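In: Sequence unavailable; structure follows:
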């Protein structure tokens, strides 16, 4: 079975600085998807970024980018130029390809942004 | 706004009772997923439906059941409620194929 681990329960960053959230996963599959979701105080789950395992190029979405290391089974999220609105719980998630495709989530990292 | 709607937003009920949570997926999405978010268990997959049929089951208790109707909305039924069932229940939808899941705002269930 696949597992996702986020080893940093809490992180803090100064506004305008850069922060990296860590995620590792375990799987025997060769093709899959990885995601980062943001959950602000409103509790809405918002997709931040998506990575397909067969793509070697790291995904980027504006200030958000990932460092995907397939061999190491590592998938970290880098937030550049941090803003107060980035304060939230961040979840790393894994999804197998094909039919079904449930999301398997890590425990989450609570990110606070200091002005 | 993801386009996925869930009702009610909040639900407070007593132990032993039964409740129904409702989810309307995004227009055109055939697949619906239910997740439970609790302090103890984190975010867990419960069950998936695709075009009216059950597709996958996760850590769903026997006291819980779900269905997807011909208009594609889904309902999650929770019965014989226990204090430990207090949680945020999310519905997510996706079209067929490999697409990301879009989450509804969730239903917060409190069992007293």
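Out: Looks like it came in fine. Please read these numbers as outputs of a predicted model, since none were measured by experiment.

In: buried sites along stretch A:1-11?
Out: A:4, A:6, A:8, A:11 (16 or more other Cβ atoms under 10 Å in any protein chain shown). All C-beta atoms are positioned from the backbone trio N, CA, C, and that covers glycine.

In: just checking, which of the residues you listed belong to strands?
Out: A:4, A:11 (DSSP state E).

In: what pLDDT does the residue nearest to the spatial centre of chain B get?
Out: In chain B, the C-alpha closest to the average C-alpha coordinate belongs to residue B:34, at a distance of 3.5 Å (Cα atoms, centre = their mean). If you check residue B:34, the pLDDT there is 97.

In: got it, and the one 10 residues further on?
Out: Turning to residue B:44, the model gives it a pLDDT of 95.

In: Looking at the buried residues of stretch A:1-11, which is nearest residue B:54?
Out: In terms of Cβ to Cβ, no member of the buried residues of stretch A:1-11 lies closer to residue B:54 than residue A:4, at 24.4 Å.

In: doesn't residue A:108 make contact with that closest one?
Out: No: using Cβ atoms under 8 Å, residue A:4 is not in contact with residue A:108, being 10.2 Å away.

In: thinking again about what came up before, the buried residues of stretch A:1-11: which ones sit near chain B?
Out: Among the buried residues of stretch A:1-11, no residue is within reach of chain B (Cβ under 8 Å from any Cβ of the partner chain).

In: Adding distance to residue A:36 and pLDDT, write the buried residues of stretch A:1-11 out as TSV.
Out: Supplementary listing: the buried residues of stretch A:1-11 in TSV, determined by distance: Cβ to Cβ, whole Å; pLDDT from 0 to 100:
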residue	distance to residue A:36	pLDDT
A:4	11	97
A:6	10	97
A:8	13	96
A:11	13	97
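
In: Residues of chain B that sit close to chain A?
Out: B:2, B:33, B:35, B:42-45, B:48, B:50, B:55-56, B:58, B:88, B:90, B:92, B:94, B:98, B:100-103, B:105-106, B:108.

In: Quick one, which of these are buried?
Out: Among these, those classed as buried by 16+ other Cβ under 10 Å are B:2, B:33, B:35, B:42-45, B:48, B:50, B:55-56, B:88, B:90, B:92, B:94, B:100-103, B:105-106, B:108.

In: Which members of those residues are positioned in helices?
Out: Nothing among those maps onto helices, per DSSP state H.

In: among the residues you listed, which are in strands?
Out: Counting by DSSP E, those contribute B:33, B:35, B:42-45, B:48, B:50, B:55-56, B:88, B:90, B:92, B:94, B:102-103, B:108 to strands.

In: Check the residue most central in space within chain A and give its pLDDT.
Out: In chain A, the residue lying closest to the centroid (Cα atoms, centre = their mean) is residue A:36, at 3.1 Å. Looking at residue A:36, its pLDDT is 97.

In: Next up, phi/psi of it, please.
Out: phi -120, psi 130 (degrees, to the nearest 10).
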